[in-house]
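J.: Sequence isn't available, so here's the structure alone:
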C-alpha cells in the first residue's frame, strides 16, 4: 500500500496488545535475525521488522510503565545482538534504523526511566557504533564505492545524537559529554591527513589515489555533508571544554605550517621561477586539513544563518562565561587585532578567551592567504580554502558581530567587549572584513564560486542597518562603490551573478544612517551613472544598428544584472524609493524586448528583471503601484507573445535552458499571484491616495488586475507546454505550481478559458495526478477542491468543468482505494475526494457499488462494505462544510489503514 522507501512507524490498535507486548515475540525476531544474518537480503528484512518494533507507539501501550518495560527489553535485545557479533556491511543501515526509530519514537521521560546501567550501556554502544561507522564511511569514500552503506548508517546515527543532545535537559547532567568527545575526536581524525589523522588511508594504512579528480565531480563538502557537520558541531558544543581548545590548537598548528611552506616555496620560486617545479603534496594536505577544521569550527560556533537573528549557541556562551574569570580582556583584544602574528608569540596568550582565540585562528588563516596574494603566490593558494574562510566569516558575522545583549539572559564580557555595539573591536573587524572582500574581488575574480561567497559576506555586512552604519564610514566602501559604478577593472571581470549581488550590497549600504547630503552624494555615485549610461546608450539614433555590437550588449547585460541586484535589495523600509527607480527602467526594458527578440539570453535577462521586481516588491505595494506593475508585466507579455507567434517547441533533444524564457514567464506569473497570499502593503498609502484620485479621473474604468495578467500569460504558456517539455523537472515543477495557484486563487476564471486551453489544462491536471512525482500529484489534487467548490457555487451541471470534475472523481477514488500511494498524499487526495463526492454523490455511490460487486471473496466484500459504510456515515449527506470535511478525513485515515492493502493493484 505504501511506497517502499518510506519508514512507516508502527501504530497498532489495543487489539494487538497481548500479542505484541509479549516479550517472547520480540525475542523471536532477534533470534530469527541471528539465524539468518549471513543472508544479506533476508537480514535486511528481519532488521526492517525490528526497526518497526522500535517505532511502536500509540494506544497499544496502556501506560508509561508498559512503554518502559517494552523499551528496556528492546534495548537489552539490541545490545545482546550487537555485542555478540561483528557487524556485516548489509546490517549497518538496518541497525542504525532501529536506533534512530527508538530515539525518535519514545518520549524522553521513557528513555530516562530505563535502569541507569542499561541506559549507560546503550549510550556506550551508540558511541562505539557511531565511531566505527564513521571510520567505515571514510573508507568507503577513499575506495569510491557506489553503495555507501556505512555513510548512510553514520548519517542516521549522527541524526540520532542530534535528537538526543537537543533534549539534554531531560537527561542526567553531563551524561553526553564523554560520548560527544569520542564521536568528535573520531570525526576530526577521519578528516585529517596522516600522521594525526587517517584521511585517504585504506584499511591497511596505505595512502589512496589522488583525490582531486574525485573532488572535481562532487558538490561542495559544506552542502554535501551539512547534516553531518550540524551534528558534529552540536556535539562539539556539548563538550566545549575539550573541542574548542582542540580545534584551536589544530588550526593554529596547520596555519603555522602553511605559512612556513609558503615562505619556503617563495624562496624556491626566486631561485627557479617555474611554478610547476613546486611539490604541492604537503600544501594540498594542509589545505584539506584546514578545509575540514574551518567547516567544523563554523558549525560549532554558529548555527545556519537562515533565520532573522541567529543567536550565539547557549553552550558556547556558557563556556565563555565560565572561563571569563581566567581571561585578560586586553590580551584577548590584542590577539584578535593581530592576525599577522602567531598566537603563541603574544605574551599572555594563554589568558585569552578561547572562543575569540578560535576565531583569531581563522583570521590568521585569512591573513596568511592575503599576504601570499600580495607576495604574488596566488598560484600556490587553494581557492577552496579562500571559500571556506569567507563562508566562515559570513556565518560568524551574522551571529557574533554587534552582539545584541538584550537577546541574551546572560552575556560573556569578553564577547560583548570584543564584538558589541559601539566597541573598537567591532569597528576594527568590520574594516578588516571589508578589506578582505575588496582584496578577494580583485585577486579571485576568475573563481566564480569564491567571488560569490565573498560578495555574500559583503551583503551580510550591510543587510542589517547597525552593521551597515559602520561599513559606510569606511573609506574603502566608497572606493568600492565608485569603482563598481564606473565599471573599472578588475570588478568588471566578475561574473554577472557576482556583479548582481555586489549591486544588491551597494544598494543596501545606501540605506545606512547618513546625513542627507552624504546620502545624496552616495546615490549620485552608485545609481546615477547606471541610469545615465543606459539612457545615453538606448537613446542614440543609431541604437538599432549598434545594438548587436559586443561592447553595447555587454553594457546592456551589465545594466539588466544591476537592476536585478537592485530589486533583490528590497526591504520593507526601502521599497518605495527602489520601486520608483526601477519602474523608470521597466518600460525601456520592454523596448529592448523588440530590439533583442532574436537574442534569447538577453530576452531572458529582461524577463528576469520583471521576475525579480515582482518577487521582491509585489507584497509591499499598494493598489496603485501594483496596478502599474501589472500593466508593465502585461505589456511585456504582449510583446513576448507577438515575438513568439507561431513558434513551435518541437526539438525534443534541446537542452532545458533553451526553455528558460518559458520558465521565467511562469515564475513571473506565480510571483504576481503570490500577492493574493502574502500582502504587507499599507492600504492607506498617502502617495497612493493622491495618485488614485488623478488616475481615476484620467482613465476611468481602466485597470489591469493580477487575473488579467496571469490569464494572458497562461494563454501563452499552455499551448507551448507539451508532454516532452514536462520531462524537464524545473519546467514541470514551475508549471504545476502555477496552474495550482490559478485554480486556487481564480477558480471562477477557469470555466471562461477558451475551449482548447480548458482542455489542455484538464489534461495537464490528469497527467500530473497519474504520471508525475508525488509532489506534482499532490499539487494537482490541491487544485481540484477549489474547482469542485466553484461548480457547487454556480450549480450548473452541463458545463465542461462539471463534466471534468466527474472524471476526476473516478481518478481520485481509484488512487485512494486501488493504487499504491505515498502516505503524504492521503490528505490531499482525501480533501479532493470529499469535495468531488459532495458534487457527484450519485456517481460516488455507483463507484462503490461497482467495486463491491466485482469482489468474489465474501470476507473481503464484507470488510469493504463495512469500511465504506463507516466512511460515508461520517458525513451524511456530504456538504461543503469544514466540520463535515474534517470528520470525513479522519474516517478516511481509518479506511485506508483497514482496507488499504486489500485491493492494491500490483
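T.: On my side now, so go ahead. Here the structure is a predicted model, which is why all the values come from computation and not from measurement. Residues are numbered from 1 along each chain as shown.

J.: Need the mean per-residue confidence for the host helix or strand of residue 190.
T.: Applying DSSP states H and E as the criterion places residue 190 in helix 177-191. Averaged across helix 177-191, pLDDT comes to 97.

J.: Show me which positions of it end up buried.
T.: Buried residues in helix 177-191, counting neighbours by 16 or more other Cβ atoms under 10 Å, are found at 179, 180, 181, 182, 183, 184, 186, 187, 188, 189, 190, 191. All C-beta spots, glycine's among them, are computed from the backbone N, C-alpha and C.

J.: Can you give the contact residues for that helix?
T.: 123-124, 126-127, 130-131, 134-135, 137-138, 158, 161, 165, 196-199, 228, 232, 235-236, 238-239, 242-243, 246-247, 250, 289, 292-293, 296 (Cβ atoms under 8 Å, 6 or more residues apart in numbering).

J.: what separates it from the chain centre, distance-wise?
T.: Centroid separation for helix 177-191 versus its chain: 27 Å, with Cα atoms, centre = their mean, to the nearest Å.

J.: same question, stretch 34-47
T.: Counting by Cα atoms, centre = their mean, stretch 34-47 is centred 37 Å from the centre of its parent chain.

J.: Repeat that for stretch 86-93.
T.: A distance of 32 Å separates the centroid of the chain from that of stretch 86-93, by Cα atoms, centre = their mean.

J.: Ok, stretch 46-64 next?
T.: Worked out by Cα atoms, centre = their mean, stretch 46-64 lies 32 Å from the chain centre.

J.: for stretch 58-77, same thing?
T.: 37 Å.

J.: And that stretch, what's buried?
T.: In stretch 58-77, counting by 16+ other Cβ under 10 Å, buried: 60, 61, 67, 68, 70, 71, 72, 74, 75, 76, 77.

J.: Closest one of those to residue 115?
T.: residue 72 (6.8 Å; Cβ to Cβ).

J.: So the closest one versus residue 839, what's the distance?
T.: 53 Å (Cβ to Cβ, to the nearest Å).

J.: mind checking how far the residue nearest to residue 403 when sequence neighbours are not counted is from residue 426?
T.: Spatial nearest neighbour of residue 403, chain neighbours left out: residue 419 (5.1 Å); criterion: Cβ to Cβ, 6 or more residues apart in numbering. For residue 419, the distance to residue 426 equals 5 Å [Cβ to Cβ].

J.: which neighbours do those two share?
T.: Taking Cβ under 8 Å, 6+ apart as the contact rule, residue 419 and residue 426 both touch 401, 402.

J.: for the helix or strand where residue 49 lies, what is the average pLDDT?
T.: Taking DSSP H and E as the criterion, residue 49 maps to helix 40-54. In this model, helix 40-54 carries a mean pLDDT of 93.

J.: that's a helix at residue 859, yeah?
T.: Yes. Judged by DSSP: H, G, I helix; E, B strand; the rest coil, residue 859 forms part of a helix.

J.: Three-state assignment for the residue nearest the centre of the chain, please.
T.: Nearest to the mean C-alpha position of the chain, by Cα atoms, centre = their mean, lies residue 306 at 8.8 Å. With three-state DSSP as the basis, residue 306 sits in coil.

J.: Right, I'll leave it there.
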